[in-house]
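model the structure of this input:
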Amino acid sequence: MNKRIWAAALAAAVTLTSAVTIPYEDVKVVTQAAAQSSSGNAEVEDTSADGRTTAGGFTFRVAGNEATITGYSGAAKELAIPTKIKYEKPGNNNGTGSGSGTGSSGSGGSGGSAADNAVEYAVTAIAENAFSGNLGIQKLTMSGGINSDGKAFGIKTIGDRAFFACHDLADITIAPTTTSIGEYAFSDCVALNAIKVSDGNQRYKVIDNALYYYTAGTGTGLYTLIQYPLANTAAEYKVPDAVSMTLTDIGKGAFWGSAFLETITLPDTVKTVGDNAFSECRKLKTVTLPAGLSSIGTEAFKGDAALEGITLPDGITIINNGTFQGCEALKNVNMTDALKIIGNRAFQGCKSLTDFAVPANVTTIGDQAFAQCDSLHQISIPMRTTSIGSGVFTGTTVTVLCHNGSQAAVYAAANGLTAERTYTVGFYTNNTYTNLIASQEVVEGKDAEPPKVAERDGYRMSWSGGFTAVRQDTRVYQVWNKLFNVTFVDTFNNQTEVVKTDEGKTAVPPAWTMSGYTPTWDKDLTDPVTEDFTVHVKWRSNTTGKTLGANAVKPAKKGTQFEKGNNRYQVSNANAENPTVKFIGLVKAEVSIVTIPETVSYGGVKYNVTLISNNCVKGNASIRELVIGKNVTGICAKSFNDCKNLNKIKLKSKIIAKMNNKAFKGVSKKAKFYTYNSQIAKYKVMLKNAGVKNPVVKRL
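Numbering: from 1, shown residues only. Now for the predicted structure:
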């Protein structure tokens, strides 16, 4: 490449830093030049004496003028892959010519020279398994770019398992020229913590220290996760923002051997999980798979001993060979009826599985699918399963739930397994039974569990028939009934309940209770429901037969205090039929007249005032006149004691049963008491007991 072309390439490279829409072959020289300029990569030369092994310990094979590294026997910990190998073939200097001289210097001679026998190979590839299992390499560098002669150089292809299980390999640099990395190339490199891709590479990128393969797409790029840095100590794999909307695939062996991951959540964009993608992740407990996932590869979760549960989305129709093999803690596997095949060894060694329901549409169960599942005691297998492999239940004592005459029943009998008869219960959306929601195998005499279905606003779903105590194959379909809201109101207890009732059915009232009362309703509940309506409860006393009205309000709790006018009261009885209060004092003491009424209202409830509390106005010199209402039954001790100016007391109540000691002692010596003629004699006696020596009682 001349200087003018070189300059143009560099200039173009500046504008192509994100050249995602330029085909690789069209820009490779430009990007290689950019990589050479920015990273300083240079050619790494090695020599060979035999055309098979280099001085550095690499073995190689050649095709034309290109070489592929096939192995390594050296002891270097920091390894640089050569970009060219020189091999000097053994010379032949004994040729004779037609001239007078001999050898290469002879006039007219035809003998060969060392220079003529030197061959240079460009190293462009690393063969499959070339370094697999090498435990000495710690750092790996692969160079590429444009050399001083203007020629491109560098590794283009890395073969399958090229560095598989290099357990000491911690640091990798990939050349800008690399366009193909094979399957499992860096899998199980458990010390790997630093992955770098030289600038200018158009197919591979490192994001958050993980290696991704990039494919140009419409308007954006699509990514495949090739290799996760297995030495990363993070407990959770979080998809980087840069690829959260474009990551479509998890490559084969991408997480194989991670010693620290416990949780993985894949974004909705992921469509495939490759073979062995999460194999031997020993601490992995939780995996959340996206709804759009369509494929999970062979042995994808093999050896994940801590994985406790998995939910497979609708797009998964095959559980491939060994997918969950050796998942010893796996207890819960949620699958849909989209599943059709359970592969060989799919759940082999899942020691925590206790029961398993094979989905209704599974046709095939592979060899040893549930072998060594020590705790598996029950598995249901549907009629559609027509192929069951060998040794499926080796090492288990499972009971097979299956149809009489089914392949599962035949298999159980042939292999000495206990079998119990089952029937199929199908749940459909319509009465023509053309749209199946779900089906399940139910042991004879047991109940089916109906599937969860989406609600429909304003309707209630029921099934067309029963599915309890099943003794034959059964089909039921959805029936949608229009709903009306019947609102039950209990004003007294401040509670409301809406009962959704099918059209044409009768409303069932709530199971409300109240001690000593029976609920009745202000509307007839025997009529079929055809509209929304409201019903109020009316509580009927079990002892008196008295009914609290629909709008009755519950009295305040006993002991509740409140003020009304200038008087202060306390609830003494919260019984709904006869709520009472007692007068306990004044808000403002400086008043001349105190009136204690028959009743007082508070919070919507009318209370009878039946008692005057002890000491309630004791020693009040302002009071001159007192009126006691008709419902008072008792005047407590010292209620009006030492009210020395109190000289007029009206006792309007005919039912006072007691006036306690000193209730009126110390009132004015001129005090006069007024009451009904029928009570004068009785109250004179009570007043003497209440501290009035010579009570003057007159007719009210």
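
direction included, what does the longest strand along the chain pair up with?
Of all segments of type strand in the chain, defined using DSSP state E, the longest is strand 474-490. As defined by DSSP bridges, the strand partners of strand 474-490 come to strand 418-428 (parallel), strand 459-463 (antiparallel), strand 495-502 (antiparallel), strand 533-541 (parallel).

against Lys546, how distant is Thr491?
Applying C-beta to C-beta, to the nearest Å, the value for Thr491 to Lys546 is 17 Å. The way it works is simple: take the backbone N, C-alpha and C, and place the C-beta from them, glycine included.

again with Phe393
The gap separating Phe393 from Lys546 is 72 Å, by C-beta to C-beta.

one more: Phe260?
Taking C-beta to C-beta as the measure, Phe260 and Lys546 are separated by 74 Å.

which of the two has more neighbours?
Regarding Phe260 and Lys546, a neighbour count based on other C-beta atoms under 10 Å identifies Phe260 as having more, with 15 against 12.

host element of the more buried one?
In this structure, Phe260 is located outside every helix and strand according to DSSP states H and E.

contact partners for it?
For Phe260, the contact set (C-beta atoms under 8 Å, 6 or more residues apart in numbering) comprises 232-235, 283.

and the longest strand of the chain, what's buried?
For strand 474-490, burial by neighbour count (16 or more other C-beta atoms under 10 Å) applies to 474-478, 483-484, 486, 488-490.

could you do stretch 256-263 as well?
Residues of stretch 256-263 classed as buried under the neighbour-count rule (16+ other C-beta under 10 Å) are 256-258, 261-262.

end-to-end on that stretch?
Length of stretch 256-263, first residue to last, C-alpha to C-alpha, to the nearest Å: 14 Å.

next: stretch 393-412.
Its first and final residues considered, stretch 393-412 spans 10 Å by C-alpha to C-alpha.

how about residues contacting that stretch?
Contacts of stretch 393-412 (C-beta under 8 Å, 6+ apart): 368, 370-374, 376-383, 385-388, 392, 415, 417-424, 441, 443.

does the residue nearest to Gly253 when sequence neighbours are not counted count as helix, strand or coil?
In space, and not counting its chain neighbours, Gly253 is closest to Ser187: 3.1 Å by C-beta to C-beta, 6 or more residues apart in numbering. At Ser187 the chain is in coil, as set by DSSP: H, G, I helix; E, B strand; the rest coil.

burial of Ser187, as a residue count?
Neighbours of Ser187 under the rule other C-beta under 10 Å: 30.

contact partners for it?
Taking C-beta under 8 Å, 6+ apart as the criterion, Ser187 is in contact with 161, 164-165, 227, 252-254, 256-257, 276.

how near is it to Asp249?
Where Asp249 is concerned, Ser187 sits at a distance of 15 Å (C-beta to C-beta).

now Thr288
Computed with C-beta to C-beta, the distance linking Thr288 and Asp249 is 17 Å.

okay, those two: which has more neighbours?
Neighbours per residue (other C-beta under 10 Å) separate Thr288 from Asp249, with Asp249 holding more: 22 against 11.

and the residue nearest to that one when sequence neighbours are not counted, how far from Gln202?
Setting aside the residues directly before and after it, Asp249 is nearest to Thr224 in space (C-beta to C-beta, 6+ apart), at 4.1 Å. Counting by C-beta to C-beta, the gap from Thr224 to Gln202 is 15 Å.

between these two, which one's more packed in?
Looking at Thr224 and Gln202 with other C-beta under 10 Å, you find the greater number of neighbours at Gln202, namely 24 against 20.

and the gap between that one and Ser180?
Counting by C-beta to C-beta, the gap from Gln202 to Ser180 is 12 Å.

which stretches of this protein have low pLDDT?
1-41, 91-116, 216-220 (pLDDT under 70).

ok, which stretches of it are helices?
Taking DSSP state H as the criterion, the chain contains helices spanning 3-14, 24-39, 114-117, 407-414, 680-689.

how about the contacts made by Lys662?
637-638, 641, 690-691.

next one: phi and psi at it?
Lys662 has phi and psi values of phi 60, psi 20 when expressed as degrees, to the nearest 10.

so Thr286 makes contact with Thr263?
Yes - the pair Thr286 and Thr263 qualifies as a contact (C-beta atoms under 8 Å) at a distance of 4.7 Å.

ok, Ile126 to Leu247 distance?
Taken as C-beta to C-beta, the spacing of Ile126 relative to Leu247 amounts to 26 Å.

compare neighbour counts for these two and give me the winner.
Taking neighbours as other C-beta under 10 Å, Ile126 and Leu247 compare with Ile126 leading, 29 against 22.

bridge partners for the more buried one, pull those for me.
In this entry, Ile126 is beta-bridged to Ile69, Ile158, by DSSP bridges.

contacts only, for Thr386.
Contacts were defined as C-beta under 8 Å, 6+ apart; by that measure Thr386 touches 363-364, 407.

and if you look at Lys670?
Residues in contact with Lys670, defined by C-beta under 8 Å, 6+ apart, are Asn647.

from Ile649, how far out is it?
Using C-beta to C-beta, one gets 12 Å for the distance from Lys670 to Ile649.

same question for Asp355.
Distance of Asp355 to Ile649, given as C-beta to C-beta: 85 Å.

what's the answer for Arg568, then?
From Arg568 to Ile649 the distance is 20 Å (C-beta to C-beta).

so for those two, which residue has more residues nearby?
Comparing Arg568 with Ile649 by other C-beta under 10 Å, the one with more neighbours is Ile649, at 25 against 18.

so Gly303 versus Lys151, what's the distance?
With the distance defined as C-beta to C-beta, Gly303 ends up 46 Å from Lys151.

er, Asp168 I mean
On the measure of C-beta to C-beta, Asp168 and Lys151 end up 34 Å apart.

and for Thr560?
Distance of Thr560 to Lys151, computed by C-beta to C-beta: 99 Å.

ok, now Val489?
Spatial separation of Val489 from Lys151 under the definition C-beta to C-beta is 91 Å.

re the thing from before, who does the residue nearest to Asp249 form a beta bridge with?
Per DSSP bridges, the residues bridged to Thr224 are Tyr213, Asp249.

identify the residues contacting it.
Applying C-beta under 8 Å, 6+ apart, one finds that Thr224 lies in contact with 212-213, 215, 247-251.

show me the strands in the stretch 201-350 of the chain, by range?
204-207, 210-216, 221-227, 236-237, 247-250, 263-265, 272-273, 286-288, 295-296, 309-311, 318-319, 332-334, 341-342 (DSSP state E, counting those that start in this stretch).

next one: stretch 457-474 to chain centre, how far?
Shown here is stretch 457-474, whose average C-alpha point lies 30 Å from the average C-alpha point of the whole chain (C-alpha atoms, centre = their mean, to the nearest Å).

contacts for it next, please.
When contacts are defined by C-beta under 8 Å, 6+ apart, stretch 457-474 is touched by residues 423-427, 431, 442, 444-448, 450, 453, 455, 475-483, 500, 502.

make it 7 Å
When contacts are defined by C-beta atoms under 7 Å, 6 or more residues apart in numbering, stretch 457-474 is touched by residues 423-425, 431, 442, 444-448, 450, 453, 476-483, 500, 502.

how about stretch 238-250?
Contacts of stretch 238-250 from elsewhere in the structure, counted by C-beta under 7 Å, 6+ apart, are 207-208, 212, 220-225, 267, 269-274, 277.
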